[in-house]
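**Student:** no sequence on hand, only this structure:
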């Protein structure tokens, strides 16, 4: 009789905790996606000792640099460190015109 009582209690607890755990994991998934969509990337430029925020303006400048340098498109973070340094050097000599 005791075993049946404990087993019934365990099943009842699992039935009640399951939906709560599922809802919490679904909410966590939405929060992670929201962070990915709105996360601001900052890069440190050692040569010029400053930070650059990667935003739409920086993306346009980066594409312009790739075109000027006759390079294939690659995401900035996938480029070698020396290429990133070249980009930041170019970027300091080509400011935005707005």
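**Tutor:** Cool, the structure landed. Computed from a predicted structure; not experimentally measured.

**Student:** use CA for all of it now, contacts and neighbours both
**Tutor:** Fine.

**Student:** any weak-confidence spans in this protein?
**Tutor:** Across the chain, the stretches falling below the confidence threshold (pLDDT under 70) are 20-38, 98.

**Student:** repeat the analysis, applying 50 as the threshold.
**Tutor:** Residues of the chain meeting the criterion pLDDT under 50: 32, 34-35.

**Student:** could you check the distance from residue 15 over to residue 9?
**Tutor:** Noted for residue 15: a distance of 10 Å to residue 9, by CA to CA, to the nearest Å.

**Student:** that should have said residue 1, apologies.
**Tutor:** 12 Å.

**Student:** neighbour count winner among the two?
**Tutor:** Each of residue 1 and residue 9 has its neighbours counted (other CA atoms under 10 Å); residue 9 has more, 12 against 6.

**Student:** and that one, what element?
**Tutor:** Secondary-structure assignment from DSSP states H and E places residue 9 in helix 2-38.
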